[in-house]
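Colleague: give me coordinates for this.
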Amino acid sequence: MENQAPGASWYYAADGKPVGPFTLEALREKLPSLQGDATLVYGPATDKWIAAGSVAALQQASAGVESPVRAPMDADPQPRAHAALWLVYLFVRPRLFFQSFVIDSTPLLTALCVWTFGMMGVIDRLDTQELRGRPLLFAESWGAYWAMICLGGVFAGLIYFGIGGWWYRVRLRWSGAVDPDAALARRVYVFATQVVALPTLAVTVVETSSFPTPGASAGSDGSLWYLAFLVFPFWSVWNSYVGVRTAFAVRRGAAMLWFLILPSIVYALVFGAVMVAMVAMLFSGPDLKRTSAHDSATMTFDYPGNWWIDTEDEEYDPNAYVSVEPVHEAFTRIMLYESEAGPEAEVEVTLESYRESATRWRNEQPFATWGSFRGTGISVDGVIEGQQFRLRVFVAPVLDGMLLEIQTMWAVSDESSVMPGFDLIEASFRLK
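Modeller: Sure, this is the predicted structure:
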């Protein structure tokens, strides 16, 4: 096929022969029925034939730009997408998703995704404030918390859509796209972020149904399994790269750098810094400035902000069985139950259960008070799996024939680190 211009108008090549001339508008209409990358187009201001596949390819031709700029990945024919499955396509078939729902404008879906992106930003902002040790806003009301997320999400989403979309378009230019469409760039950007935004909102909905207040959710140990969600930002980076390759004619290497490699490095550095800060916080002493609260129908108490309540324990009952744990080898268990036996007998039953796994049992010392309660208590030292520990068991009669039992155990080597936290629980504990 000749490289010489066959005329001043637009042509496409079929079977090695130029077909035309066409106006640019007419050629655009023909492109969907052509063979994408297998089709070459020629236009004014260039003496080169380049691969077709999208309007962006025509823009490249009009500017006289050829390889290494590639036509978009969407050049190959794809199966028809079903609108009801758009969320599935987003996560597992991003190329088909961007072809079907993003390249052509979908105003309502775009507006919804801008909003969810903004809500995710507000949630992240609140979580960041908490990590910095600042009080959680609206910690006592899910209604107020969600109102803030929904309203703040509108403004945050618009900011992200404007500023983030501008930066996205700059990176597209650096990747070889010639005058990329601003609206399309913003749509690809916003839709790619849904891989993070939607799981974040889903987790917040689950927390709302699982905890009485946002403060209780923040103080739980359930956040540890959220580490699995670290995969979603990187998943979103990949979707963004696929979206760029699908919607725009870019240089593959440059696009990989600006939309895949560098964003992944930034996320890795940020997550690494956050993890270091979290580990430092957990292994420090009890956080008595930023405390959490357990407040149920039967009891209330405060505990250090970097400790947690083991809600995964099979016996957990917010009204009758609560185990508070620091990161150290320690715990305090608070139990409320009915028993025909007296406090002395219950203390002995508990001690006997620990004797089965402990050795070198010694230094038994009685005590009679825990917080504002009077009852029967025993403090004892022992060794479990080679580690020296101290155990305190206290049982006191309370209203309606109920018994209150407190079990507190810690490694002797950690005593100075954990006792201030145990003292906080003891001093603040109240029955309702």
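Colleague: please name the nearest non-neighbouring residue to F155.
Modeller: G118 (6.9 Å; CB to CB, 6 or more residues apart in numbering). For the C-beta atoms, the positions are set from N, CA and C on the backbone; glycine is no exception.
Colleague: C113 is in contact with F191, isn't it?
Modeller: Yes: using CB atoms under 8 Å, C113 is in contact with F191, at 5.7 Å.
Colleague: coming back round to it: okay, now the residue nearest to F155: neighbour count?
Modeller: By the criterion of other CB atoms under 10 Å, G118 has 25 neighbours.
Colleague: go on, T200?
Modeller: Count around T200 with other CB under 10 Å applied: 20.
Colleague: do the same with R171
Modeller: 22.
Colleague: would you check that it makes contact with F259?
Modeller: Yes: the pair R171 and F259 qualifies as a contact (CB under 8 Å) at a distance of 6.5 Å.
Colleague: list the buried residues for the helix or strand that contains W410?
Modeller: Using DSSP states H and E, the element containing W410 is strand 402-411. Residues of strand 402-411 classed as buried by neighbour count (16 or more other CB atoms under 10 Å): L403, L404, E405, I406, Q407, T408, M409, W410, A411.
Colleague: list the neighbouring strands of it plus their orientation.
Modeller: strand 330-338 (antiparallel), strand 387-397 (antiparallel) (DSSP bridges).
Colleague: same question for it, mean pLDDT?
Modeller: For strand 402-411, the mean pLDDT works out to 94.
Colleague: pull it out as CSV, backbone CA atoms only.
Modeller: C-alpha atoms of strand 402-411 as CSV (Å, rounded to 0.1, in the frame of the first residue of the first chain):
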residue,chain,number,x,y,z
MET,A,402,-26.5,-12.4,89.5
LEU,A,403,-22.8,-12.8,89.8
LEU,A,404,-20.2,-10.5,88.3
GLU,A,405,-16.9,-12.3,87.5
ILE,A,406,-13.7,-10.6,86.3
GLN,A,407,-10.8,-12.6,85.0
THR,A,408,-7.6,-10.6,84.2
MET,A,409,-4.3,-12.2,83.0
TRP,A,410,-1.1,-10.8,81.7
ALA,A,411,2.6,-11.7,81.2
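Colleague: tell me the helix or strand right after it.
Modeller: helix 415-428.
Colleague: what is the subsequent helix or strand relative to that following helix?
Modeller: strand 430-431.
Colleague: chain center to that following strand, what's the gap?
Modeller: On the basis of CA atoms, centre = their mean, to the nearest Å, strand 430-431 sits 36 Å off its chain's mean C-alpha point.
Colleague: can we start the residue count at 10 from this point?
Modeller: With 10 as the first residue, the last one maps to strand 439-440.
Colleague: now do that strand: which elements does it pack against?
Modeller: Counting contacts by 3 or more CB pairs under 8 Å, 6 or more residues apart in numbering; DSSP states H and E, strand 439-440 packs against strand 308-312.
Colleague: I'd like to know which elements the helix or strand following the strand it packs on is packed against.
Modeller: Tracing the chain C-terminally past strand 308-312 and defining elements by DSSP H and E, one meets strand 317-318 next. With contacts defined as 3+ CB pairs under 8 Å, 6+ apart, strand 317-318 has these neighbours: strand 330-334.
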